[in-house]
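Visitor: from the sequence below, what's the structure:
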Amino acid sequence: MSSSVFFAYGALLTLASWTVYVGSLASLRTPESTKALRKEKGLKETDDDEEEVQGVSSDGAWMFPLLGSAVLVSLFLAFKYLDKDMIILIVNIYFAVVGCLAIPPVLLHLGKMAFGSHSLDCCTKRVLSFKANVSWTTPSTKKDLYDTVIKLDNATMGLFVVVVVLMAVYMYTKHWVLANIIAVCFAMQGLSLILLDSFQTGLILLGGLFLYDIFWVFGSSKFAGQSVMVSVATNFDGPIKILAPRNLLEVLTSVQQKGWTAADAFQFSLLGLGDIVVPGAFAALALAFDQHHASTKAPSLTFNRFFYKFPKPYFHACMVGYVLGLFTTMVVMHIFKTGQPALLYLSPSCSISVLFMAWYRGELLDMWSWVSPASQEAPKTAPDDKKQA
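Guide: Residues are numbered from 1 along each chain as shown. Alright, predicted model coming up:
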């Protein structure tokens with residue numbers, strides 16, 4: 001077995017874990033205790049938390065496997081009976097448009113995380129602002145966003161140009177490195193904007209998608225003649241997965257012998273974005289719970305969404321569970337030489353690691369009853385009557 005295969009496994013494990021870790025940090029919001037202190041001292045609210053987020057309730061979590069199944073079957077049938085190249089072109093155009101709008105805020109936030117929350121102030125002076133009458137919330141929220149102010153700053157517009165060029169180059173070359181960059185940005189955007197409201201919701205989501213993944217990878221071959229999940233993942237050439245070459249050394253050797261134009265083609269191992277975003281949303285919830293504990297015990301004006309120096313027992317436990325689950329997936333896949341439903345291993349490993357930490361710390365009831373304040377301020381995917389703990 002070539003060492004390139006193990007490089008591919010290591011690359012996927014590293015990139016996926018890094019995306020979950022950094023994406024979870026990016027999902028943090030300013031704690032309620034800090035907001036209360038600001039209000040008490042008469043300080044103005046900052047723009048740190050001005051992104052619109054989507055809260056996911058327990059009712060909404062039940063819908064994810066159903067919606068995912070509908071999309072998966074639609075793509076499977078489309079690839080089977082329609083022009084595959086045309087479908088890929090249409091979907092890639094859609095991703096290109098979405099990417100041009102979604103990726104600049106991700107890059108801007110990563111810059112603030114890396115260099116400090118005020119490091120880009122000189123580049124974020126608002127230069128364009130206009131209002132739009134929109135209503136995009138669900139009726140249950142009782143909130144219509146009329147006269148929404150849309151703001152563009154120098155940094156965002158500059159990054160928009162960069163991303164347009166990036167997407168254009170990707171659409172022309174379909175290079176796997178560019179595909180990975182775009183896919184990671186999509187995953188981080190999802191983690192920063194989709195907030196689970198409680199651990200009950202998180203466990204329902206992981207449990208439902210655990211069954212979903214098993215059925216569509218293994219069970220679907222009973223009626224479709226092949227694995228629907230594997231078929232869609234391998235047929236669809238777009239930034240919905242991260243890739244790592246399984247024959248990197250062989251390709252480099254062929255380049256030396258034959259040149260770039262006649263070199264052997266890459267063969268890839270892949271990991272779907274769902275195997276990053278779904279466990280990542282649970283990891284982000286665990287991190288928010290850690291932040292809640294730390295900020296409640298020691299309220300401070302410096303405790304904003306960019307403050308990360310606090311104990312993270314639940315988050316670290318979930319990250320250990322994620323790495324172990326993904327590692328197990330790759331071991332089983334390597335042994336049996338067939339694609340595996342990653343959530344078969346990731347859902348139990350992430351759930352058990354967090355539940356064990358809560359049991360070990362004697363905080364099971366506290367964890368079970370806690371509801372994320374940030375998610376309560378966001379529109380929900382389904383009505384929810386829970387009150388903030």
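Visitor: burial measure for the residue lying closest to residue 220 once chain neighbours are set aside, as a count.
Guide: Spatial nearest neighbour of residue 220, excluding adjacent residues (Cβ to Cβ, 6 or more residues apart in numbering): residue 228 at 4.0 Å. (Each C-beta comes from the backbone N, C-alpha and C, glycine too.) Applying other Cβ atoms under 10 Å, we find 23 residues neighbouring residue 228.
Visitor: for residue 228, give me the pLDDT.
Guide: Note on residue 228: pLDDT of 92.
Visitor: so residue 354 makes contact with residue 282?
Guide: Yes. Using Cβ atoms under 8 Å, residue 354 makes contact with residue 282 at a distance of 7.4 Å.
Visitor: what's the following helix or strand after the helix or strand containing residue 318?
Guide: Using DSSP states H and E, residue 318 maps to helix 313-336. Sequence-wise, the next helix or strand downstream of helix 313-336 (DSSP H and E) is helix 343-360.
Visitor: picking that back up, what do residue 354 and residue 282 both touch?
Guide: Counting by Cβ atoms under 8 Å, 6 or more residues apart in numbering, the residues touching both residue 354 and residue 282 are residue 318.
Visitor: got the buried residues for stretch 196-204?
Guide: Residues of stretch 196-204 classed as buried: 196-204 (neighbour count, 16 or more other Cβ atoms under 10 Å).
Visitor: from these, which land in helices?
Guide: Assigned to helices by DSSP state H, the following of those qualify: 199-204.
Visitor: make JSON lines from the residues you listed and add pLDDT and distance to residue 350 to it.
Guide: Listed next are those as JSON lines, based on pLDDT from 0 to 100; distance: Cβ to Cβ, whole Å:
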{"residue": "199", "pLDDT": "96", "distance to residue 350": "11"}
{"residue": "200", "pLDDT": "94", "distance to residue 350": "15"}
{"residue": "201", "pLDDT": "95", "distance to residue 350": "14"}
{"residue": "202", "pLDDT": "96", "distance to residue 350": "9"}
{"residue": "203", "pLDDT": "96", "distance to residue 350": "10"}
{"residue": "204", "pLDDT": "95", "distance to residue 350": "13"}
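Visitor: now those in a markdown table, with distance to residue 238?
Guide: Listed next are these as a markdown table, based on distance: Cβ to Cβ, whole Å:
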| residue | distance to residue 238 |
| --- | --- |
| 199 | 33 |
| 200 | 33 |
| 201 | 29 |
| 202 | 28 |
| 203 | 30 |
| 204 | 29 |
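Visitor: closest one to residue 158 out of these, please.
Guide: Nearest to residue 158, judged by Cβ to Cβ, of these is residue 202 at 36.6 Å.
Visitor: tell me the contacts of that closest one?
Guide: Residue 202 touches 61, 196, 281-282, 285, counting by Cβ under 8 Å, 6+ apart.
Visitor: surely residue 5 and residue 333 touch.
Guide: No. The pair residue 5 / residue 333 is not scored as a contact, 10.4 Å apart, by Cβ under 8 Å.
Visitor: what about the residue lying closest to residue 116 once chain neighbours are set aside, which helix or strand?
Guide: Among residues not flanking residue 116 along the chain, residue 306 sits closest, at 7.4 Å (Cβ to Cβ, 6+ apart). Counting by DSSP H and E, no helix or strand carries residue 306.
Visitor: any chance of the buried residues of stretch 196-204 in CSV, plus distance to residue 365?
Guide: Formatted as CSV, the buried residues of stretch 196-204 follow (distance: Cβ to Cβ, whole Å):
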residue, distance to residue 365
196, 19
197, 17
198, 13
199, 11
200, 12
201, 17
202, 16
203, 15
204, 18
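Visitor: tell me where the protein has strands.
Guide: Applying DSSP state E to the chain gives strands spanning 54-56, 126-132, 148-153, 194-196, 241-245, 268-272.
Visitor: among those, which gets the worst mean confidence?
Guide: It's strand 126-132: among these, that one has the lowest mean pLDDT, namely a mean of 50.
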